[in-house]
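Asks: kindly generate the corresponding structure for this input.
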Amino acid sequence: MTFEYVWPSTKGLFNCNYTEDVLKAIRDNDVYHISEKFHGCNLCISNKGYISSRKTIIATETDTLTGKRFQNVRLDGFVSNYLRHIYDLTLVDCDETLYFGELILNGTATSPFDVFNYYDQNVFSSEMYFFGVGFVSYDKKDLSSDIKKCMNNVQLLTTASKKPYYISLINPLNEHLFRLAGLPTVKFYKSAPLLELLTNFTLIEPLNHKLLEGYVLHNENASTMLKWKFVERQSTYISDHLTTLENAVVHNVEQRKAIMYLRELYQNSTKFVLTLDKTVVNEFLTHQFPIIKLDIVNDLINIVSLQIDMQQKVKNCMNNYLEMCFYQLKPSLLLPTTLFLNKSVELECKQMLLKKISQVIHAFIMNYDVNLARVLNEE
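Replies: So this is what the prediction gives:
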């Protein structure tokens, strides 16, 4: 079933289709709210009881969520709880209220791995982080003034079938309404003029090192929404886009500086290996790992001989050899033009190494009695 009230696309700072929009935003230099962009899946929960992905209703008000999954994530946990909170929350007197957020997946939208270390930040799969609200009047009543009273920003949109609906963005001025209702919001940073944000080293560095997917920025009246992300691959379209921006602001120092930082971030994309060369990993496992395997077995024998805290020591042994193997292998995976491995490449590589190390440890444990007898005989 098609979902009509679609959240609008955000304009990317590096998207050549939005050169004029980006240039206008830079010249206007409005104050922008900025939040972290989670790499999950767009989800909407209606106070009418249904749940939708960006364009498709995935659970109706009559469906039970028990055991139901979307993108391999259970909906009968956090999402089910959010639905109960939404029933109790009234922001505007209208026919339907829609709560838009990012659903955290078992990994990211493009990788099975937790590339941005969400788990270590207490951001767990099946959680949602809300970033906006939609309001619908079935008889097309003007809701804008009522929405502004509680949300301080509003946009009027229309569906493909010409039905009007309104959206508002959650920001630091209104996020308390959602947190108090038990609806977690996206993480916000300090709001500032756009040029100040685009030249803020504290914000740029995590992008340079790909520690997060990116940021979403919107000005105070939400008339402009921008997406600021690391560029995975270079293209002539993006290069031309940046050149056009540079030429347009040649006489303004602050604007030129902001675009210079965008250019540097774009150029950093060449410093990352984006695809794992499995041939290199397999050659390592074939030619070098057999020697390492002997060391692993010898360490396991020492652990067995001590008979103290063996489970933790075996785990430590596995992790230590994983890091050692990766350290030895990493230089072979880097290209002459690159300095870093993409996090997903690193995790995929470690998964291959861990599988081999685990096999060695598993075989040793399966023969535990034999190995213990061997140690006792040696003594």
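
Asks: can you read off the pLDDT for the residue positioned nearest the centre of the chain?
Replies: With distances taken as CA atoms, centre = their mean, His39 lies nearest the centre of the chain, 2.3 Å away. Note for His39: predicted pLDDT of 91.

Asks: ok, now which ones touch it?
Replies: Residues in contact with His39 (CB atoms under 8 Å, 6 or more residues apart in numbering) are Thr108, Ala109, Thr110, Val115, Phe116, Glu213. Glycine gets a C-beta too; all of them are placed from N, C-alpha and C.

Asks: before we move on, what about Asn171?
Replies: With contacts defined as CB under 8 Å, 6+ apart, Asn171 is in contact with His33, Asn152, Asn153, Phe188, Ser191, His218, Glu220.

Asks: with Thr158 instead?
Replies: The contact partners of Thr158, by CB under 8 Å, 6+ apart, come to Pro164, Tyr165.

Asks: from the contacts of Asn171, keep the buried residues only.
Replies: For the contacts of Asn171, burial is judged from neighbour counts taken by 16 or more other CB atoms under 10 Å, and it is met by His33, Asn153, Ser191, His218, Glu220.

Asks: so which of those residues are in strands?
Replies: Cross-referencing the buried ones among the contacts of Asn171 with the strands (criterion: DSSP state E) gives His33, His218 as the overlap.

Asks: now the buried ones among the contacts of Asn171 as a markdown table including pLDDT?
Replies: Formatted as a markdown table, the entries for those read as follows, by pLDDT from 0 to 100:
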| residue | pLDDT |
| --- | --- |
| His33 | 97 |
| Asn153 | 94 |
| Ser191 | 97 |
| His218 | 97 |
| Glu220 | 92 |
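
Asks: so which of the buried ones among the contacts of Asn171 is the closest to Ser235?
Replies: Ser235 lies nearest to His218 out of the buried ones among the contacts of Asn171, by CB to CB, at 26.2 Å.

Asks: Leu226 is in contact with the closest one, correct?
Replies: Yes - because the distance of 7.2 Å satisfies CB atoms under 8 Å, His218 is recorded as touching Leu226.

Asks: overlap in contacts of these two?
Replies: Tyr32.

Asks: for stretch 260-275, give the mean pLDDT please.
Replies: For stretch 260-275, mean pLDDT rounds to 94.

Asks: what comes up buried for that stretch?
Replies: Within stretch 260-275, judged by 16+ other CB under 10 Å, the buried ones are Tyr261, Leu262, Arg263, Leu265, Tyr266, Asn268, Ser269, Phe272, Val273.

Asks: repeat that for stretch 352-363.
Replies: For stretch 352-363, a neighbour-count test (16+ other CB under 10 Å) marks Met352, Leu353, Leu354, Lys356, Ile357, Val360, Ile361 as buried.

Asks: which of those residues fall within helices?
Replies: For the buried residues of stretch 352-363, membership in helices holds for Met352, Leu353, Leu354, Lys356, Ile357, Val360, Ile361, with DSSP state H as the criterion.

Asks: OK, contacts around the first one?
Replies: Read that as Met352. Lys278, Val281, Leu285.

Asks: which helix or strand in this structure has the lowest average pLDDT?
Replies: Taking mean pLDDT, DSSP states H and E as the measure, the chain has helix 368-378 as its least confident helix or strand, at a mean of 56.

Asks: if we can go back for a sec, same list (the contacts of His39) but as JSON lines, adding neighbour count.
Replies: Formatted as JSON lines, the entries for those read as follows, by neighbours: other CB atoms under 10 Å:
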{"residue": "Thr108", "neighbour count": "20"}
{"residue": "Ala109", "neighbour count": "14"}
{"residue": "Thr110", "neighbour count": "12"}
{"residue": "Val115", "neighbour count": "21"}
{"residue": "Phe116", "neighbour count": "21"}
{"residue": "Glu213", "neighbour count": "21"}
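
Asks: ok so, going back, assign the residue nearest to the centre of the chain to helix, strand or coil.
Replies: The three-state assignment at His39 reads coil, by DSSP: H, G, I helix; E, B strand; the rest coil.

Asks: hey, where'd the helices end up in the protein?
Replies: Shown for the chain, the helices assigned by DSSP H span residues 19-28, 78-87, 144-151, 175-179, 194-198, 201-208, 236-248, 253-267, 278-287, 289-306, 310-333, 343-366, 368-378.

Asks: which residues sit against the third one?
Replies: Pointing back at helix 144-151 there. Outside helix 144-151, the residues within contact range by CB under 8 Å, 6+ apart are 91-94, 133, 135, 154, 156, 166, 168-169, 174, 177.

Asks: out of these, the closest to Ser235 would be?
Replies: Comparing these against Ser235 with CB to CB picks out Leu169 as the nearest, at 29.7 Å.

Asks: from the contacts of His39, which land in strands?
Replies: Secondary structure assignment by DSSP E places none of the contacts of His39 in strands.

Asks: lowest-confidence entry in those residues?
Replies: For pLDDT, the smallest value among those belongs to Ala109: 70.

Asks: can you pull the phi/psi pair for the closest residue in space to it that isn't next to it in sequence?
Replies: Across the structure, with CB to CB, 6 or more residues apart in numbering as the measure, the residue nearest Ala109 apart from its sequence neighbours is His39 (5.3 Å). Main-chain torsions, His39, degrees, to the nearest 10: phi -100, psi 70.

Asks: residues touching Gly214, list them.
Replies: Residues in contact with Gly214 (CB under 8 Å, 6+ apart) are Glu36, Lys37, Leu207, Lys227, Trp228, Lys229, Phe230.

Asks: one more pass at 10 Å, please.
Replies: Applying CB atoms under 10 Å, 6 or more residues apart in numbering to Gly214 gives the contacts 10, 12-13, 36-39, 206-207, 227-230.
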